[in-house]
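In: here's a sequence, model it:
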Amino acid sequence: MEYWLRDSLPKNIENKGHEYEKILVNKINNILKSRSDFFEFNLAKSKTIKINKKSEQIDCIFRFGKNIVICEAKCIVTVDSEISSHNTKKHLKKGAEQVKRKLNFIKDNIEESFKNLGWSYDCEKEYSLIPIVINSNKVFTGHIIDDVIISDDLILSRYFESEIIPLLSKDKENHLAWFIAYRNQKEAEHNFKKYLYNPPQLALNKNHIVYNISHIPTEIFDFKVEIHNLVIRQYDAEEILNAQYAFPLEKDQEIYSYIKN
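Out: You can find the predicted model right below:
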């Protein structure tokens, strides 16, 4: 499909990687600016850091509190087959290798990296460098490849939009159950890695999708035919509300009467 899209789309997608980096940086910055009263941060940048004749191109880097977030962006148009899924994993694995290399470069040259970025270095802070591979088409979000979390721009940016992440809602504004990702900036800094490794947005999928193997009877062949797929198992609202999650789950007082109706 990607081959077809390359020939069919009116816009040249050869530079899709650079364009996606701009989208990612702008999205993060717009949200951070909107919450400047809560977060203490340095805005995201896409920048080549040069130190002692060595350099690394950082797709997206930003800081909030003690956390320095280093993102390797992968713009993958589509995953529509086993082959493209396999190729996507290869791209993401390469991204994990790249972002770990870039993290080590910054870690080994932390003060000079801050100067390159135009940030103020605080020698009293114990900075935590967090590598992420961001996949534009959201496939494999929540997976870990070579000790690096795979995420996407929606889940990453959502953490900074609000500490509340809805689980069950009556509509866009009225929530019946919601996760509390953090209650203050200290918690926001501390809980960030836990959020990336346990995205609340994927909590239902993780708990209620099971791996299923079914067999097709064959009478004329001397081999077995199996179908392997993921299926949603049956569950009710009370099971969702009583399940264990990585983040605290708050509930509206009327939720039980609402779900019974």
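In: tell me the contacts of residue 57?
Out: By Cβ atoms under 8 Å, 6 or more residues apart in numbering, the contact set of residue 57 is 47-48. C-beta coordinates here come from the backbone N, C-alpha and C atoms, glycine included.
In: helix, strand, or coil at it?
Out: The three-state label given to residue 57 by DSSP: H, G, I helix; E, B strand; the rest coil is strand.
In: that one bridge partners, please.
Out: residue 48 (DSSP bridges).
In: look up how far residue 40 lies from it.
Out: 27 Å (Cβ to Cβ, to the nearest Å).
In: isn't residue 55 right up against residue 49?
Out: Yes. Here residue 55 reaches residue 49: they are 6.4 Å apart, a contact under Cβ atoms under 8 Å.
In: domain ranges for the chain?
Out: Annotated domains of the chain cover 1-161, 163-261 [automatic domain parsing].
In: just name the most buried of these.
Out: domain 1-161 (a mean of 16; mean count of other Cβ atoms under 10 Å).
In: now do it: distance to the chain's middle.
Out: Averaged C-alpha coordinates place domain 1-161 at 10 Å from its chain's average position (Cα atoms, centre = their mean, to the nearest Å).
In: with mean pLDDT added, can I get the domains of the chain in a markdown table?
Out: Shown next, in a markdown table, are the domains of the chain (pLDDT from 0 to 100):
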| stretch | mean pLDDT |
| --- | --- |
| domain 1-161 | 90 |
| domain 163-261 | 85 |
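In: helices of the stretch 1-150 of the chain, residue ranges please.
Out: Secondary structure of the stretch 1-150 of the chain (DSSP state H, counting those that start in this stretch): helices at 2-8, 16-34, 82-108, 110-117.
In: in a markdown table: those helices, plus distance to residue 242.
Out: Shown next, in a markdown table, are the helices of the stretch 1-150 of the chain (distance: least, Cβ to Cβ, whole Å):
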| stretch | distance to residue 242 |
| --- | --- |
| helix 2-8 | 43 |
| helix 16-34 | 32 |
| helix 82-108 | 34 |
| helix 110-117 | 45 |
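In: out of the ones you listed, which is closest to residue 69?
Out: helix 16-34 (8.6 Å; Cβ to Cβ).
In: show me what contacts the closest residue to residue 43 other than its chain neighbours?
Out: Using Cβ to Cβ, 6 or more residues apart in numbering and skipping residues adjacent in sequence, the residue nearest residue 43 is residue 29, 4.9 Å away. Contacts for residue 29 (Cβ under 8 Å, 6+ apart) come out as 43-44, 62.
In: quick one: which of those sit in strands?
Out: The strands, defined by DSSP state E, take in 43-44, 62 from the contacts of residue 29.
In: nearest to residue 137 among those?
Out: Using Cβ to Cβ, residue 44 is the member of the ones in strands among the contacts of residue 29 that lies nearest residue 137, at 20.5 Å.
In: is it true that that closest one touches residue 25?
Out: Yes. Assessed by Cβ under 8 Å, residue 44 is found in contact with residue 25 at 4.6 Å.
In: got any residues that touch both of those two?
Out: With Cβ under 8 Å, 6+ apart as the test, residue 44 and residue 25 both reach residue 60.
In: I'd like to know which of the helices of the stretch 1-150 of the chain lies nearest to residue 138.
Out: helix 82-108 (10.9 Å).
In: I'd like to know which elements the closest one is packed against.
Out: strand 41-51, strand 54-64, strand 67-74, strand 128-135, strand 144-145, strand 148-151 (3 or more Cβ pairs under 8 Å, 6 or more residues apart in numbering; DSSP states H and E).
In: let me have those in CSV, extended by distance to residue 232.
Out: CSV is the format used below for these (distance: least, Cβ to Cβ, whole Å):
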stretch, distance to residue 232
strand 41-51, 36
strand 54-64, 34
strand 67-74, 28
strand 128-135, 23
strand 144-145, 23
strand 148-151, 22
